[in-house]
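Undergrad: Fold the following for me, if possible:
(2 chains, ligands or ions: 2)
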Amino acid sequence: MDSSRILDISDVTLRFGGVTALEEVSFSVKSKELFAIIGPNGAGKTSIFNCINGVYKPQNGSILFDGEELIGERPVTVARKGVGRTFQNLGLFMNLNLIDNLLLGRHLQMKTGFFSGALWWGRAKNEEIKNRQKIETIIDLLELQPYRYQPVGLLPYGIQKRVELGRALSMEPRILLLDEPVAGMNLEETEDMARYILEINNELGVSILLVEHDMAMVMDIADCVMALDFGQKIATGSPKEVQSDQRVIAAYLGEAS
Amino acid sequence: MANPSKELKVRYQQDLMIWRTPLLRAGLLTLLFLYILSPVIWESFVVTKFLDDIGLTMTTLNYAGVFAVGAIGLNLLTGYTGQVSLGHSVFVGAGAYFAAYAGSTWDLPFIVWLPGSLLVGFLIGFIVGPLALRLRGNYLVVVTLGLVFLGDHIFRNWKSVTGGSTGVSVTGASLKIGPIDFRNFEVFGHEFEKSQSFFWLIWGFVALVALLVKNIVRTRPGRALQAVRDRDIAAEIIGVDLLHYKTMAFAISSSIAALAGALFGVLQSFISPIDFGLLVAIQYIAIIILGGMGTIHGSIIGALVLGSLPRLVENISRDYDLPGVSGDQGGIGGILSISSLNHIIYGILIAAFLLLEPRGIAGIWMRIKTYFKTWPFSY
Ligand SMILES: Nc1ncnc2c1ncn2[C@@H]1O[C@H](COP(=O)(O)OP(=O)(O)OP(=O)(O)O)[C@@H](O)[C@H]1O
Ligand SMILES: [Mg+2]
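TA: Ligands and ions are numbered 1, 2, ... in the order given. Below is the predicted model:
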């Protein structure tokens, strides 16, 4: 097996009753690559993420992460292996503030249990301070300094998206799954987000699997693109190749009409 | 310049303090004084004497303290973890009956039967907890409601332990810790009454439980509970094990409930199934709604308000002739008895808070604080 592949997905088929959400989808993400998935609404993009995360169990196929099978594992186990994720419709803990959300991203890096937590002095307190220092670097990286103490539910949508990216990043993941990170954002916010994603990819060396509708952004930042339509792979290649692929154009025109 | 990393560390430490501002620290000191002095001065100092006269006696405060302990436990489960449970009174009952049996029949010392109560509560919660993994929202409410009836059935029929419908005495349970006996509390030869020594005992536990639970909710396990409440799928994907945290929330909450039950037992001296029925379960829910979901101090404030309200209503309607309210509990000579007046006030309070201030008294307090922080700016 090619060891530079961090994620290797082959022949994944996922059905809900009569609906086939994914049909024999195969692709692989190389280590440190920024791999984008595009496709019209309902193409099955989010379903791929849910299969990787262990939220859905595909009927067929295999999902190898670093050579280890993920299908059949619980979401918690997948997280432990180093898979971070953001959600299409925000998966933040809205009543908690930025710090707590980011510290929750470090849940698996931390150890305090109910007993040592209740006693506070000693281990729990040290761990709080140590991890607070870690998340401060993420707050700086994503320029979230002004938002530390409000419940994140009260923050503007664009900032919430960034907080969620920060939470996924504080997991110290080896791969990040980003589900439409710039959906609903204006141009400036989109550019900021693209910059953060590139920084995470280039400087921190985190592999990224990106689902996005914003073509301009995908074409700008992705190393490799896969197009899905009705659960089937219709094209893979460099952004340029995929953009000019006839089936891709047809799929998007079909959606527009 | 000083070592910057050290400065950062100091800053984070300040962030982590519970009593962060001088005002809060002054408040803490006041509370400490009140805790130590109240039993001594309650019936002599003019302000507290007045409170005592209108029904806010030491005994009333002691019952409120018991409710505060139980409410902190329920708030951990419902306010922080988002699992609404109508079964809290059963866990309270389990602790109370255990205290009665282990304290009297087995004659175990205080420092054994009290942790025993906690353990019994923990185990029952640990068994019930996993239900919450399969049942959400209203389904969980209905199942925990079933628990109340199951508990009632057991309390009424396991006569050798519970004394059946008549109930059982808890006066045999020892309250001795080393040289201190809370039943015959003595300092420098001065002997205190039961209501006084129980105040120190019970409110000591309120403080202890509040501190421990506050520590839980501000560290990793407590954050995980709140993550489960806010967004359980996202919680799982960052590595929060739902089964573990829901089970532990139930177990710890019910263990605290059992502690409240044990204290309730020794305070009331005699317990029977009506002390642990649906009405009591609803009372606990009312306390955390009124005080503030997801806050520790709210649980205590809610318990103080709802714990003393019935006594106040009772006293006021006895001393003043309220139209339509009969002067005694029987309801003779009026449309309403005092206890039904109490229930009505309860109902109105819960409804009003749910509609107008779902974050409870703690929420009102928060708003006042924000107002003064940003004063004179109102935006
Ligand atoms: N839990 C589910 N139960 C039933 N059908 C589902 C479920 N999840 C997804 N589907 C179906 O699978 C298909 C793919 O959905 P998916 O959410 O993966 O699409 P998507 O490409 O992410 O679309 P969008 O761009 O709108 O987010 C859709 O037809 C959807 O209705
Ligand atoms: Mg989607």
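
Undergrad: per-residue pLDDT, the residue in the stretch 201-350 of chain B positioned nearest to chain A?
TA: Proximity to chain A, evaluated over the stretch 201-350 of chain B using C-beta to the nearest C-beta, is greatest for residue B:234 at 3.2 Å. Backbone N, C-alpha and C define where each C-beta goes, glycine included. Looking at residue B:234, its pLDDT reads 95.

Undergrad: secondary structure class for it?
TA: helix (DSSP: H, G, I helix; E, B strand; the rest coil).

Undergrad: Repeat that for residue A:93.
TA: coil.

Undergrad: Briefly note if stretch B:186-206 comes near chain A.
TA: No: using C-beta under 8 Å from any C-beta of the partner chain, stretch B:186-206 never reaches chain A; the gap is at least 14.3 Å.

Undergrad: Flag every buried residue along that stretch.
TA: Of all the residues in stretch B:186-206, those buried under the rule 16 or more other C-beta atoms under 10 Å in any protein chain shown are B:192, B:194-203, B:205-206.

Undergrad: next one: that stretch to chain centre, how far?
TA: From the chain centre to the centre of stretch B:186-206 is a distance of 19 Å (C-alpha atoms, centre = their mean, to the nearest Å).

Undergrad: try stretch A:8-23
TA: On C-alpha atoms, centre = their mean, the centre of stretch A:8-23 falls 20 Å from the chain's centre.

Undergrad: Pull out the buried positions in it.
TA: Going by neighbour count (16+ other C-beta under 10 Å), the buried part of stretch A:8-23 is A:8-9, A:12-14, A:20-23.

Undergrad: from these, which two are the most distant?
TA: In the buried residues of stretch A:8-23, two members sit farther apart than any others by C-beta to C-beta. They are A:8 and A:20, at 21.8 Å.

Undergrad: Sketch out the low-pLDDT regions of the chain for me.
TA: Unless you meant another one, I'm taking chain A. A:1-3, A:253-257 (pLDDT under 70).

Undergrad: let's do chain B instead
TA: B:1-10, B:323, B:327-334, B:373-379.

Undergrad: Tell me which residue in it sits closest to ligand 1.
TA: Going by C-beta to the nearest ligand atom, ligand 1 is nearest to residue B:233 of chain B, at 11.3 Å.

Undergrad: distance of that residue from ligand 2?
TA: 14 Å (C-beta to the ion, to the nearest Å).

Undergrad: what sits against that residue?
TA: A:55, A:75, A:91 (C-beta atoms under 8 Å, 6 or more residues apart in numbering or on different chains).

Undergrad: Tabulate the buried residues of stretch B:186-206 in a markdown table, adding columns for distance to residue B:98 and secondary structure.
TA: A markdown table is the format used below for the buried residues of stretch B:186-206 (distance: C-beta to C-beta, whole Å; DSSP: H, G, I helix; E, B strand; the rest coil):
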| residue | distance to residue B:98 | secondary structure |
| --- | --- | --- |
| B:192 | 27 | coil |
| B:194 | 22 | helix |
| B:195 | 24 | helix |
| B:196 | 26 | helix |
| B:197 | 22 | helix |
| B:198 | 19 | helix |
| B:199 | 23 | helix |
| B:200 | 23 | helix |
| B:201 | 18 | helix |
| B:202 | 18 | helix |
| B:203 | 22 | helix |
| B:205 | 16 | helix |
| B:206 | 20 | helix |
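
Undergrad: wait, which of these is closest to residue B:65?
TA: Once C-beta to C-beta is applied, the member of the buried residues of stretch B:186-206 that ends up nearest residue B:65 is residue B:202, at 3.9 Å.

Undergrad: and the closest residue to the closest one other than its chain neighbours, how far is that from ligand 2?
TA: Setting aside the residues directly before and after it, residue B:202 is nearest to residue B:65 in space (C-beta to C-beta, 6 or more residues apart in numbering or on different chains), at 3.9 Å. Distance, residue B:65 to ligand 2, by C-beta to the ion: 52 Å.

Undergrad: And for residue B:37?
TA: Residue B:37 is 62 Å from ligand 2, by C-beta to the ion.

Undergrad: Also residue B:101?
TA: Relative to ligand 2, and taking C-beta to the ion, residue B:101 is found at 57 Å.

Undergrad: same thing with residue A:248?
TA: 18 Å.

Undergrad: Quick one: residues contacting residue B:197.
TA: B:39, B:182-183, B:185.

Undergrad: returning to that earlier point: just to check, the residue nearest to residue B:202 is in contact with residue B:200?
TA: No: taking C-beta atoms under 8 Å as the definition, residue B:65 is not a contact partner of residue B:200, at 10.2 Å.

Undergrad: any chance you could map the strands in the chain?
TA: Picking chain A for this. A:5-16, A:19-30, A:34-38, A:60-65, A:68-69, A:83-86, A:175-179, A:207-211, A:224-229, A:232-237 (DSSP state E).

Undergrad: The intended chain is chain B.
TA: B:168-169, B:176-177, B:180-181, B:186-187, B:190-191, B:270-271.

Undergrad: Can you lay out those strands as a markdown table showing distance to ligand 1?
TA: Converted to a markdown table, these look like this (distance: least, C-beta to the nearest ligand atom, whole Å):
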| stretch | distance to ligand 1 |
| --- | --- |
| strand B:168-169 | 52 |
| strand B:176-177 | 56 |
| strand B:180-181 | 60 |
| strand B:186-187 | 66 |
| strand B:190-191 | 69 |
| strand B:270-271 | 49 |
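
Undergrad: thinking again about what came up before, export the strands of chain A to TSV and tack on distance to ligand 2?
TA: Formatted as TSV, the strands of chain A follow (distance: least, C-beta to the ion, whole Å):
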stretch	distance to ligand 2
strand A:5-16	13
strand A:19-30	11
strand A:34-38	10
strand A:60-65	18
strand A:68-69	24
strand A:83-86	12
strand A:175-179	6
strand A:207-211	6
strand A:224-229	11
strand A:232-237	16
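
Undergrad: mind checking which of these is nearest residue B:264?
TA: The nearest among those, by C-beta to C-beta, is strand A:83-86 at 46.3 Å.

Undergrad: then the closest one to PDB, C-alphas only?
TA: Output of strand A:83-86 as PDB, limited to C-alpha atoms (Å, rounded to 0.1, in the frame of the first residue of the first chain):
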ATOM      1  CA  VAL A  83     -10.000  12.600  12.600                       C
ATOM      2  CA  GLY A  84     -11.400  16.200  13.300                       C
ATOM      3  CA  ARG A  85     -14.500  17.500  11.700                       C
ATOM      4  CA  THR A  86     -16.700  20.600  11.300                       C
END
